[in-house]
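Asks: Structure for the following, please:
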Amino acid sequence: MNKIINDPVYGFIAMPEENIFRLFEHPYLQRLRRIQQLGLSSLVYPGAVHSRFHHTLGAVHLMREALEVLRQKGVVITPQEADAAMSAICLHDVGHGPFSHALENTLLPFSHEAMSLLMMEQLNRENGGRLEMALSVFKDDYPKRFLHQLVSSQLDMDRLDYLTRDSFFTGVAEGVVGYDRIIKMLQVKADQLVVEEKGIYSIEKFIISRRLMYWQVYLHKTVIAAEQMLVNILKRARALALDGAELFATPSLRFFLRHSFEGPDALQDPSVLTHFAALDDYDVYSAIKVWMEHPDRVLSVLCRCLINRKLFHIEMGNLPFARETVEATEEALRKKHGFTREEAAWFCIADSTSNNAYNAASGQIFMLLKNGTIEDVSKLADHLHITALSAPVVKYYLCSLDEV
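Replies: Coordinates of the predicted model:
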């Protein structure tokens with residue numbers, strides 16, 4: 001088998017591994033074609049309509065490249081370990097729900113990482129235990145820890161692909177990273193994934209690009225406003241459904257609207273996995289289009305505004321918005337649109353968001369110096385400003401309905 005895939009970012013990608021190709025053919029992976037990588041970001045960047053499936057293809061490609069580079073440098077990686085690492089990166093996003101991160105802990109009361117693990121365990125059973133080593137790598141249980149770092153760390157193949165791919169499809173040039181040079185500079189020292197010292201400027205650019213992509217794309221204020229509308233749509237629909245109201249929904253969406261889940265034990269219910277594996281962006285979009293005419297005013301107005309891109313007005317600042325400001329905004333909504341006090345609360349949201357481009361606490365990026373020692377990238381004398389990029393940046397926002 002020698003499948004060739006034409007990827008718009010990397011060109012022609014070869015997929016000679018039959019096991020990996022079989023994973024891509026599974027319904028769990030094919031479902032990712034129907035989940036947009038950037039959720040509602042296409043409302044700001046019209047080209048950002050690429051899918052989680054695209055991203056998975058790219059991450060597997062970069063993993064193969066990285067493994068080959070490390071082997072050429074004398075790092076011992078068996079064929080079984082290479083297969084496990086590629087399987088793990090292939091399945092790292094399989095647990096994403098509709099609109100990616102937007103609906104985590106809203107419609108779906110569990111993280112995508114927990115669902116990815118659940119789906120990997122199911123695939124392992126279906127494949128007679130073939131994914132045992134991949135699961136070990138994914139969970140960071142495997143003795144060669146650098147394999148897990150290639151899958152999930154501050155400098156993994158996931159991040160290298162999504163920054164490269166998302167900047168390509170949004171057209172945000174500031175997000176472009178030198179993924180090829182970074183991969184060529186990878187090495188393993190004392191079972192630790194490191195970057196050779198001459199790759200320092202590529203790593204610096206990688207960290208800066210990540211910061212810029214978060215504030216220009218992932219946490220763009222209009223994207224935040226749209227996602228808050230989507231969250232409130234699903235919250236309102238769920239409240240109505242639990243109260244016995246009639247709502248159009250596909251069977252899988254109806255399952256999550258009409259069930260309350262508490263704690264990690266919810267994932268033990270086999271029907272959760274069954275319905276989750278059938279749920280994608282299309283379920284949510286089709287329901288929202290029908291709910292535009294629902295008799296509940298809050299739900300119908302929110303749905304019409306999102307579908308027609310009449311998004312919340314949003315203000316952002318460095319300090320929390322005063323309660324008096326929020327109350328005044330709600331009062332203005334009641335006067336302008338005739339909402340009740342309870343209804344107005346659905347159209348006014350005050351919250352915050354944060355990001356730090358480099359978080360050493362969740363895994364460091366180590367540089368391999370010419371003298372053979374390794375050092376955290378933020379500690380290098382000429383690059384102390386990376387420490388500043390490690391500090392979380394918090395922004396507060398106030399969203400409210402502008403027009404119906």
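Asks: What is the three-state secondary structure of the closest residue to residue 394 other than its chain neighbours?
Replies: Closest residue to residue 394 apart from its sequence neighbours, by CB to CB, 6 or more residues apart in numbering: residue 354 at 4.4 Å. From N, CA and C alone the C-beta is placed, and that goes for glycine too. At residue 354, secondary structure determined by DSSP: H, G, I helix; E, B strand; the rest coil is strand.
Asks: Give me the neighbour count for residue 354.
Replies: The tally of other residues near residue 354 (other CB atoms under 10 Å) stands at 11.
Asks: My read is that it contacts residue 393, right?
Replies: Yes - here residue 354 reaches residue 393: they are 6.3 Å apart, a contact under CB atoms under 8 Å.
Asks: Can you name the residues that contact residue 172?
Replies: By CB atoms under 8 Å, 6 or more residues apart in numbering, the contact set of residue 172 is 45, 166, 212-213, 216-217.
Asks: Same check on residue 271?
Replies: residue 255.
Asks: Tell me the pLDDT of it.
Replies: For residue 271, the pLDDT comes out at 89.
Asks: what do you get for the one 4 residues further on?
Replies: The predicted structure scores residue 275 at 93 on the pLDDT scale.
Asks: Which of the three states applies to it?
Replies: Classified using three-state DSSP, residue 275 is helix.
Asks: Might you report the residue contacts of it?
Replies: Residues near residue 275 by CB under 8 Å, 6+ apart: 251-252, 255-256.
Asks: who wins for neighbours among the contacts of residue 172?
Replies: Counting neighbours by other CB under 10 Å, the top entry in the contacts of residue 172 is residue 213, with 24 neighbours.
Asks: I'd guess it is in a strand, am I close?
Replies: No - using three-state DSSP, the assignment for residue 213 is helix, not a strand.
Asks: measure it to residue 136 for me?
Replies: From residue 213 across to residue 136, the span is 31 Å (CB to CB, to the nearest Å).
Asks: pLDDT averaged over stretch 241-255 - what is it?
Replies: The predicted model assigns stretch 241-255 a mean pLDDT of 94.
Asks: Okay, buried residues for it please.
Replies: Buried residues in stretch 241-255, counted by 16 or more other CB atoms under 10 Å: 241, 247, 249-250, 252-255.
Asks: And the residues you listed, which is closest to residue 276?
Replies: Nearest to residue 276 among those: residue 252, at 7.4 Å, using CB to CB.
Asks: what's the distance between that closest one and residue 31?
Replies: Counting by CB to CB - residue 252 and residue 31 are separated by 11 Å.
Asks: Report how many residues lie close to the nearest residue to residue 222 once chain neighbours are set aside.
Replies: The shortest distance from residue 222 to any non-neighbouring residue, by CB to CB, 6+ apart, is to residue 44 (5.0 Å). Neighbourhood size, residue 44 [other CB under 10 Å]: 18.
Asks: Residue 44 is in contact with residue 223, isn't it?
Replies: Yes - if you go by CB under 8 Å, residue 44 and residue 223 touch, sitting 5.7 Å apart.
Asks: Quick check: neighbours shared by the two?
Replies: Common neighbours of residue 44 and residue 223 (CB under 8 Å, 6+ apart) are residue 217.
Asks: shaky segments in the stretch 51-200 of the chain?
Replies: Judged by pLDDT under 70, the stretch 51-200 of the chain has no weakly predicted residues.
Asks: Which parts of it are helices?
Replies: Along the stretch 51-200 of the chain, counting by DSSP state H, counting those that start in this stretch, helices occupy 52-72, 79-90, 112-126, 132-138, 145-151, 157-170, 179-184, 200-213.
Asks: Also the stretch 251-400 of the chain?
Replies: Going by DSSP H, counting those that start in this stretch, the stretch 251-400 of the chain shows helices at 251-257, 270-276, 281-291, 297-307, 323-337, 341-344, 385-390.
Asks: what comes up buried for the shortest one?
Replies: Along helix 341-344, the positions that meet the burial threshold by neighbour count (16+ other CB under 10 Å) are 343-344.
Asks: For the closest residue to residue 85 other than its chain neighbours, list the residues it contacts.
Replies: Once flanking residues are discounted, residue 85 sits nearest to residue 147: 4.8 Å by CB to CB, 6+ apart. Going by CB under 8 Å, 6+ apart, residue 147 touches 77, 81, 84-85, 88, 137.
Asks: Next, give me the two most distant ones among those residues.
Replies: 77 and 88 (13.3 Å).
Asks: The closest residue to residue 397 other than its chain neighbours: neighbouring residues, count only.
Replies: Leaving aside its chain neighbours, residue 397 sits nearest to residue 316 (4.7 Å; criterion: CB to CB, 6+ apart). Around residue 316 there are 16 other residues, counting by other CB under 10 Å.
Asks: who touches the residue nearest to residue 158 when sequence neighbours are not counted in this structure?
Replies: Nearest residue to residue 158, sequence neighbours excluded (CB to CB, 6+ apart): residue 59, at 5.4 Å. Residue 59 is in contact with 89-90, 92-93, 157-158, 160-162, counting by CB under 8 Å, 6+ apart.
Asks: Which positions within stretch 30-48 qualify as buried?
Replies: By 16+ other CB under 10 Å, the buried positions in stretch 30-48 come out as 31-32, 35-45, 48.
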